[in-house]
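**Q** Provide a 3D model corresponding to the input given below.
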Amino acid sequence: MTSVFYRGALLALVAGVALAVTGCGPGDTGKVAKAQKTEAKGGGHNYKGRDWCAEHGMPESICVQCDSKLAKKYKDKGDWCDEHDVPKSQCFKCDPKLREKFAQEYRDKYGEDPPAAE
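**A** Modelled structure (predicted):
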């Protein structure tokens, strides 16, 4: 009877490891799981189907923190904060007023306050 228990436990362990290793596929870098977790809390990427990244408090379509491929575009234009590794036009640490600028754009477009950035 105990050997049946150990076989079942071993099988469950092997299945769990296999699922953990394969994840969501070869292209997943963890951003998908993070986005799903954030969306489950009511925020995150494409908040309410809108172009808004609740995680970083700006439109998703320009969020370099979510899509690092956008960085080259900003760097080529000379719009880059080397200290914080984001575009100067998105650097809330250097210019805290930018957070309110993006929030106001959201209000103007959607008629309500954006979700609080995480």
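
**Q** Show me the contact partners of the helix or strand that contains Arg99.
**A** Here Arg99 sits within helix 97-110, counting by DSSP states H and E. Helix 97-110 is contacted from outside by Arg50, Trp52, Gly57, Met58, Pro59, Ser89, Gln90, Cys91, Phe92, Asp113, Pro114, Ala117, using C-beta atoms under 8 Å, 6 or more residues apart in numbering. Using the backbone N, CA and C atoms, a C-beta is placed for each residue, glycine as well.

**Q** Going by distance to Cys81, which of these wins?
**A** For the contacts of helix 97-110, the minimum distance to Cys81 (C-beta to C-beta) is 4.2 Å, reached by Cys91.

**Q** For the closest one, list the residues it contacts.
**A** With contact set as C-beta under 8 Å, 6+ apart, Cys91 has these partners: Cys81, His84, Leu98.

**Q** May I have the residues that are in contact with the spatially closest residue to Pro87 that is not a sequence neighbour?
**A** Leaving out its chain neighbours, the residue that sits closest to Pro87 by C-beta to C-beta, 6 or more residues apart in numbering is Tyr74, at 3.9 Å. Tyr74 makes contact with Val64, Trp80, Pro87, Ser89, according to C-beta under 8 Å, 6+ apart.

**Q** and the last one, how many neighbours does it have?
**A** Translated: Ser89. Around Ser89 there are 17 other residues, counting by other C-beta atoms under 10 Å.

**Q** Tell me the secondary structure of it, please.
**A** Under DSSP: H, G, I helix; E, B strand; the rest coil, Ser89 falls in the helix class.

**Q** And the pLDDT at it?
**A** At Ser89, the pLDDT value in this model is 97.

**Q** Also Glu118?
**A** Taking Glu118 on its own, its pLDDT is 68.

**Q** going on from the helix or strand of the chain with the lowest mean pLDDT, what's the next piece of helix or strand?
**A** Of all the helices and strands that make up the chain, helix 31-40 has the lowest average by mean pLDDT, DSSP states H and E, namely a mean of 42. Using DSSP H and E, the next helix or strand after helix 31-40 towards the C-terminus is helix 71-76.
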